[in-house]
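Asker: Okay, predicted coordinates and the sequence, questions at the end:
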Amino acid sequence: MLFKLNWIFTQREETWAQLLHVKFHTTSGERIQYHKQSPVWPGIKHVEGITKPFIGWIIGKGMKIDFWRYSWASDIPLREDIDLPHYLWKKCTARVSDLINADGWNFPPDISLAFLAMGINISNIPCNPCVEDIQIWKPDVHGDFSVKNVVKELSVNSKMGNAPSICSCRWNLPNIGEVKVCCDGLALGNPGPSGIGVVYRDWEGRVLGMLSKAVGSPTNCLEEVQAIVDGEEKALHRG
């Protein structure tokens, strides 16, 4: 699922992908260096590093392709071949379309020489100014992306689990003289900002007390365990 979301995100055609890109990137295309909450972004960011070498372009007008940050001229973005201070990259906002005219490539001589120094012959890269750019999945002969292709290329050892089933359940009151500790946790991400909540009920269902607090940014598993531990500690403290 994350691989598919990342593919849609990199195409920037869906409204949610455009909004997410604006939220987590600067106007120059750089990824922000500070934290913003999102249940989706951590997963997409993680998968992006895995899929980047396999994403390429059929170049048309060049409007969709970031000149420095997309893998269009070689297997890696041009930015990874050039050592510049971070603040200078903020000024690098060119698109591939800036170097294309109605006849095709329109590279200044100095940039062509710089490309040759990096082992890139721009004349070997086709472009068609009459059509739109197309993002492709390079391992597939037709450039088509699918989860099946990802699993095959990355040699992911996937095994289908049992299908989920729905069943009814019932909450029973505790025995006379006992207290039921109902606890749970919630995290925005895995890991991510988390909180826990606990409710204490007696044998008649009356609420004896409640507990809620933030617990930092643990994993989902640790956050669930923290809810149980804190709930029991509070119960023991109250006798």
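Answerer: Ah, there it is.
Asker: count of neighbours near the closest residue to residue 79 other than its chain neighbours?
Answerer: Among residues not flanking residue 79 along the chain, residue 68 sits closest, at 4.5 Å (CB to CB, 6 or more residues apart in numbering). (Each C-beta comes from the backbone N, C-alpha and C, glycine too.) Neighbours of residue 68 under the rule other CB atoms under 10 Å: 20.
Asker: OK, contacts around residue 68?
Answerer: 29, 77-79, 82, 89, 92, 94 (CB atoms under 8 Å, 6 or more residues apart in numbering).
Asker: would it count as being in a strand?
Answerer: No - going by DSSP: H, G, I helix; E, B strand; the rest coil, the assignment for residue 68 is coil, not a strand.
Asker: tell me which element the spatially most central residue of the chain falls in.
Answerer: Central residue of the chain (CA atoms, centre = their mean): residue 44, 1.1 Å from the mean position. If you go by DSSP states H and E, residue 44 is part of helix 41-51.
Asker: That helix packs against which elements?
Answerer: Other elements packing on helix 41-51 under the criterion 3 or more CB pairs under 8 Å, 6 or more residues apart in numbering; DSSP states H and E are helix 2-11, helix 15-24.
Asker: Rebuild those as a markdown table, extending it with distance to residue 202, mean neighbour count and mean pLDDT.
Answerer: As requested, those are exported to a markdown table (distance: least, CB to CB, whole Å; neighbours: other CB atoms under 10 Å; pLDDT from 0 to 100):
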| stretch | distance to residue 202 | mean neighbour count | mean pLDDT |
| --- | --- | --- | --- |
| helix 2-11 | 44 | 18 | 82 |
| helix 15-24 | 46 | 13 | 88 |
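Asker: tell me the domain boundaries of the protein?
Answerer: 2-153, 180-238 (automatic domain parsing).
Asker: Pipe those domains into JSON lines and attach distance to residue 164 per row.
Answerer: Shown next, in JSON lines, are these (distance: least, CB to CB, whole Å):
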{"stretch": "domain 2-153", "distance to residue 164": "19"}
{"stretch": "domain 180-238", "distance to residue 164": "17"}
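Asker: Could you pull out the strands in the chain for me?
Answerer: Assigned by DSSP state E, the strands in the chain fall at 55-58, 100-101, 104-105, 134-137, 180-187, 194-201, 207-214.
Asker: Quote the end-to-end distance of stretch 67-82.
Answerer: One end of stretch 67-82 sits 13 Å from the other (CA to CA, to the nearest Å).
Asker: If you average the pLDDT over it, what comes out?
Answerer: For stretch 67-82, mean pLDDT is 88.
Asker: Distance from it to the middle of the chain?
Answerer: Averaging C-alpha positions (CA atoms, centre = their mean, to the nearest Å) puts stretch 67-82 20 Å from its chain's average.
Asker: re earlier: any idea which of the domains of the chain scores lowest on pLDDT?
Answerer: domain 180-238 (a mean of 79).
Asker: rewinding a little: closest one to residue 35 among the helices and strands packed on helix 41-51?
Answerer: Closest to residue 35 of those is helix 15-24 (CB to CB; 10.2 Å).
Asker: Just the residues contacting the closest one, thanks.
Answerer: By CB under 8 Å, 6+ apart, the residues outside helix 15-24 that reach it are 8-12, 31-32, 36, 38, 40-41, 44-45.
Asker: how about those residues, which pair is most distant?
Answerer: Most distant of the contacts of helix 15-24, by CB to CB, are 11 and 36, 21.8 Å apart.
Asker: Pull the number of nearby residues for the closest residue to residue 90 other than its chain neighbours.
Answerer: The shortest distance from residue 90 to any non-neighbouring residue, by CB to CB, 6+ apart, is to residue 28 (4.6 Å). By the measure other CB under 10 Å, the count of residues near residue 28 is 13.
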